[in-house]
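> no FASTA, just this:
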């Protein structure tokens, strides 16, 4: 796998040089400033709001990064035909996919690290300005929430890589990734709703229940990694939940990348 790392580094450089990367960074900075403004308007819940907005800023900015930077990285190679130059060297298609994904992971890690520093610094500055309105504040929970956001973004990157290996259109890959994200965010609640119809006063058909249950195992359960509410209210998270979530994210990511490499290996490049 000697060819993976050079491709990963090139992908990292391409992602950082992308104009969308700087635009997303500016947007994150603006949202951080917006955090100060909002907290000044509602001092009673300033602690909860500050943490929630800070984590939402990292999550939303990271999502935009995956959608508008990550997906285009592979599309550019296909559109510009530079992929032929890469594959003409002793680099297999599987190594190319793994290298691209590794580079995207590095981009996500670098971006989340920078955004996390800004967001955490924002929270602490707000805490210093309103010391009496942070009765329940847990820095470890905030760090755990940021780690969960990172894992969910890596899962989404793996899924976008899978879509990009199937289709030749970056727009279709973008659309499928957005759909997967929206389904993944609400999948757990929908599954609980159709499996307990009496509690919600609905009567779903058997086909609907089976379809939702199938989607639950097919699409990524991104809601599993959304603990912004727990972090904002300093609610404890059990260790088994953390371990299970991390294991689930790792296994899903590995399967998605494996399928992407397998499909791309058999794909005809025009």
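Happy to help now that I have it. Values in this document were obtained by computation on a predicted structure and should not be read as measured data.
> right, and residue 249 touches residue 154 too?
Yes - the criterion here is CB atoms under 8 Å, and residue 249 meets it with residue 154 at 7.2 Å. Any C-beta I mention is one placed from the backbone N, CA and C, and that applies to glycine too.
> Helix or strand with the lowest mean pLDDT in the protein?
None of the helices or strands of the chain scores lower by mean pLDDT, DSSP states H and E than helix 197-200, at a mean of 58.
> After that one, which helix or strand is next?
The first helix or strand that comes after helix 197-200 along the chain, using DSSP states H and E, is helix 206-218.
> Contact partners for the most centrally placed residue in the chain?
Nearest to the geometric centre of the chain sits residue 153, at 1.8 Å (CA atoms, centre = their mean). For residue 153, the contacting residues are 62-63, 65-66, 108, 112, by CB atoms under 8 Å, 6 or more residues apart in numbering.
> Contacts only, for residue 51.
Residue 51 makes contact with 123, 137, 142, 228, 231-232, according to CB under 8 Å, 6+ apart.
> Please state the offset of the helix or strand encompassing it from the chain centre?
In this structure, residue 51 sits in helix 46-65 according to DSSP H and E. Centre-to-centre, helix 46-65 and its host chain are 13 Å apart (CA atoms, centre = their mean, to the nearest Å).
> What are the contacting residues of the helix or strand that it is followed by?
Downstream of helix 46-65, the next assigned helix or strand under DSSP H and E is helix 71-79. Outside helix 71-79, the residues that touch it by CB under 8 Å, 6+ apart are 11, 14-15, 18, 20, 82-83, 86, 100, 103-104, 160-161, 163-165, 168, 170, 173-174, 177, 269.
> List the buried residues of helix 71-79.
71-75, 77-78 (16 or more other CB atoms under 10 Å).
> Over to stretch 123-131?
In stretch 123-131, counting by 16+ other CB under 10 Å, buried: 123, 126-127.
> would you list these in CSV and tack on distance to residue 240?
CSV is the format used below for these (distance: CB to CB, whole Å):
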residue, distance to residue 240
123, 28
126, 32
127, 30
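> just checking, which of those belong to helices?
123, 126-127 (DSSP state H).
> okay if I get these as TSV plus pLDDT and distance to residue 146?
As requested, those are arranged in TSV below (pLDDT from 0 to 100; distance: CB to CB, whole Å):
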residue	pLDDT	distance to residue 146
123	86	11
126	85	17
127	83	17
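> Just give me the neighbour total for residue 28.
21 (other CB atoms under 10 Å).
> How about the one 5 residues further on?
By the criterion of other CB under 10 Å, residue 33 has 10 neighbours.
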